[in-house]
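Return a 3D structure for these sequence lines:
(2 chains)
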Number of protein chains: 2
Amino acid sequence: MEKIYIFGHKNPDTDSITSSLVMANLETKLGNNVEACRLGNINKETEFVLNYLGIEAPKLIEDVEDGANVILVDHASNLESVPNLDNANILKVVDHHKLGLSTSYPVYYRAEPVGCTQTVMYKLYKDAGIEIDKKIATLMVSAIISDTLLFKSPTCTDEDLKIAKELAKIAEIDIQTYGMDMLKAGTDLSSFSIEEILKLDAKEAMFKEIKAVINQVNTASIEEVMKMKSELENGIEKVINDKKLDVFILLITDIINSNSQVIALGEKVSLVEKAFNVKLENNTALLKGVVSRKKQVIPVLTENA
Amino acid sequence: MEKIYIFGHKNPDTDSITSSLVMANLETKLGNNVEACRLGNINKETEFVLNYLGIEAPKLIEDVEDGANVILVDHASNLESVPNLDNANILKVVDHHKLGLSTSYPVYYRAEPVGCTQTVMYKLYKDAGIEIDKKIATLMVSAIISDTLLFKSPTCTDEDLKIAKELAKIAEIDIQTYGMDMLKAGTDLSSFSIEEILKLDAKEAMFKEIKAVINQVNTASIEEVMKMKSELENGIEKVINDKKLDVFILLITDIINSNSQVIALGEKVSLVEKAFNVKLENNTALLKGVVSRKKQVIPVLTENA
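Numbering: from 1, shown residues only, chains lettered A, B, ... in the order given. All right, here's what the predicted structure looks like:
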């Protein structure tokens, strides 16, 4: 059988990278010829996880050929996938995001409105009757911790928590200690240039006619990141010009206190003010209790566009 | 909790009607407040099934209100659903068709490239640990027989067959006898006007810029249906004018010998000729071995548009 390429979204986070590895493990055990891939650089948080386990990152790819067999994990949207997705043959989708794909053929599709793709992946292992080993469990629980910010995000469901606890047992980790170490590793921005920070977890999205990028950076101290504010603003202006954006939204998310400082620039910053009912001062405002881009940001931007 | 409306596609077939009833049974057992609905009239084949079991058809609805909670079964496309789908709150999708929905929020989505929605439904029961009773099993196996033309359609997978056999046991039916009786009941066109026949199992679709309707009518004798050819053609011309179609494709499918006679009218009949590599004579041609709209018709029309 021809090889199947498995990948998560562009600007991959821990869920996208680990889902690609975990799905590759499951598909291999089901007898399929697959390769775990990624569509971008590994972030510091994911690097922590891979180093902890001593395993390699998935293969970096930029696109797939016409007719290539692919499995999408942790995304279901053309904007976040390979450029040639429309000409690929999508075999499966395992996801926890909104729906946004069209095909001319039926696809195996497994998604649930839960905090993390791995919570769905866990069920695929159960259904297939395949055991989850220690390494795989560690990858899975890491992604649940990452996506739910240690179960503090409103995206976190009871199922995420329950499955994370089961996986932590198999992984033999203390979920709080390991989780906080992992999240903190992800807040280390010291090795990145401003340009790199602005791409780290950036997602492009259209809100009606408004072309936006929403970038999220986790931190243990908003104050620390805000020391770079004017450099970040200069960098954002450049991205807006290059990508012809209507608005660039940078969320600086405090993983300890569960708030986000937003920096927004562009002609349509009014969308941010309207969506969150805040007034931006010097391009910035504190969004109290906002930690989830998916659940607390994208929907209100969509509604208010 | 607010009521959840469950429905299949417009011009419902046996799979859409039974999936709505079966999903309502499962959701009720899971403690949810649901109502099985349908978006159109019951066809003769489905009538046979409901009469056999002595049960009522789902409630006929034409649309849902803004914000209504809905579960879609056997379809995942706006064109085939309620007009107000974009303003509804889609909770779940259980399907076996191509992907075609966009949302701004995550959705429980369960689809597989199998012959019938019920093959996926069967797994939902297994996952939930809920027993399938005799009535539900009869509804489910009826839909698998219907969608796969008694396992002869190329859409039929090994899983459809295996699960249908298990369900037939619970349903206490002889699958061949019951199946052929059911399919034959569906070929009875005697009570329908030409206008009704042309709407019975009609699906609207866009192939690039080409607006098409593809209608399928099952028969035990193509010759019998072709006696109405000129009346059908007159009716088709009217539909083309009313709906401003570029092409109307009527498939008259011989369920005994597994062929389809196609009647095609409209400015873009060349699409049919190109897709099937046939020459229409007097608007018609025999498509040898073609029985599945989904697997043997839609994809080649998409490819050749």
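
List the contacts of A:Gln131.
No Gln there; residue A:131 is Glu. A:Tyr125 (Cβ atoms under 8 Å, 6 or more residues apart in numbering or on different chains). C-beta coordinates here come from the backbone N, C-alpha and C atoms, glycine included.

my guess is it is in a helix, correct?
No. Read with DSSP: H, G, I helix; E, B strand; the rest coil, A:Glu131 is coil and lies in no helix.

any idea how far A:Ile170 is from it?
Here the criterion is Cβ to Cβ, to the nearest Å. By it, A:Glu131 lies 9 Å from A:Ile170.

and if you look at A:Thr18?
Distance, A:Thr18 to A:Ile170, by Cβ to Cβ: 14 Å.

So if I had to pick from those two, which one is more boxed in?
A:Thr18 (33 against 17; other Cβ atoms under 10 Å in any protein chain shown).

Work out for me the element the more buried one sits within.
helix A:14-29 (DSSP states H and E).

So which bits of that helix are buried?
Residues of helix A:14-29 classed as buried: A:14-27 (neighbour count, 16 or more other Cβ atoms under 10 Å in any protein chain shown).

With stretch A:179-187 instead?
The neighbour-count check on stretch A:179-187 (16+ other Cβ under 10 Å) flags A:Gly179, A:Met180, A:Met182, A:Leu183, A:Lys184, A:Ala185, A:Gly186, A:Thr187 as buried.

in what helix or strand does the nearest residue to the first one once chain neighbours are set aside lie?
The spatial neighbour of A:Gly179 that comes closest, neighbours along the chain excluded (Cβ to Cβ, 6 or more residues apart in numbering or on different chains), is A:Ile145 at 4.2 Å. Using DSSP H and E, A:Ile145 sits in helix A:134-148.

Nearest to B:Glu2 among the buried residues of helix A:14-29?
A:Asp15 (31.2 Å; Cβ to Cβ).

Quick check, that closest one in contact with A:Gly8.
Yes. A:Asp15 lies in contact with A:Gly8 (Cβ atoms under 8 Å); the separation is 6.9 Å.

give me the number of residues near the residue of the stretch 151-300 of chain A found nearest chain B?
The nearest approach of the stretch 151-300 of chain A to chain B comes at A:Pro299, 6.0 Å away (Cβ to the nearest Cβ). Residues lying near A:Pro299 (other Cβ under 10 Å) number 16.

isn't it right next to B:Pro106, touching?
No. Using Cβ under 8 Å, A:Pro299 is not in contact with B:Pro106; the gap is 10.2 Å.

quick one: pLDDT of the nearest residue to A:Ile256 once chain neighbours are set aside?
Distances taken as Cβ to Cβ, 6+ apart place A:Ala220 nearest to A:Ile256, at 5.6 Å, with adjacent residues excluded. At A:Ala220, the model reports a pLDDT of 89.

From A:Asp254, how far out is A:Ala220?
7 Å.

quick one: low-confidence ranges for chain A?
Of all residues in chain A, none has pLDDT under 70.

how about 90 then?
Applying pLDDT under 90 to chain A picks out residues A:1-2, A:104-105, A:188-192, A:199-201, A:203, A:220, A:256, A:294-295, A:299.

what does it put close to chain B?
Residues of chain A lying close to chain B (Cβ under 8 Å from any Cβ of the partner chain) are A:93, A:95-114, A:123, A:127, A:294, A:298-299, A:302-303.

Quick check: A:Glu224 is in a helix.
Yes. Assignment of A:Glu224 by three-state DSSP places it within a helix.

Tell me who's in contact with it.
With contacts defined as Cβ under 8 Å, 6+ apart, A:Glu224 is in contact with no residue.

List the buried residues in stretch A:31-44.
Judged by neighbour count (16+ other Cβ under 10 Å), stretch A:31-44 contains these buried residues: A:Asn32, A:Val34, A:Glu35, A:Ala36, A:Cys37, A:Arg38, A:Leu39, A:Gly40, A:Ile42, A:Asn43, A:Lys44.

Surely the first one touches A:Met1?
Read that as A:Asn32. Yes. A:Asn32 lies in contact with A:Met1 (Cβ under 8 Å); the separation is 6.8 Å.

A:Gln216: what secondary structure?
strand.

That one and A:Asp201 touch, don't they?
Yes. The criterion here is Cβ under 8 Å, and A:Gln216 meets it with A:Asp201 at 4.9 Å.

And the strands in the stretch 201-305 of chain A?
Taking DSSP state E, counting those that start in this stretch, the strands of the stretch 201-305 of chain A run over residues A:202-207, A:210-219, A:247-254, A:259-265, A:284-287.

Using CSV, write out every CA atom in the first one.
Okay, so that is strand A:202-207. Provided in CSV are the C-alpha atoms of strand A:202-207 (Å, rounded to 0.1, in the frame of the first residue of the first chain):
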residue,chain,number,x,y,z
ALA,A,202,-0.1,32.1,14.8
LYS,A,203,-3.3,31.0,13.1
GLU,A,204,-4.8,32.7,10.1
ALA,A,205,-8.5,33.2,10.0
MET,A,206,-11.2,35.0,8.0
PHE,A,207,-14.0,36.7,10.0
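
Show me what it is packed up against.
The contact analysis (3 or more Cβ pairs under 8 Å, 6 or more residues apart in numbering or on different chains; DSSP states H and E) places strand A:202-207 against strand A:210-219, helix A:298-304.
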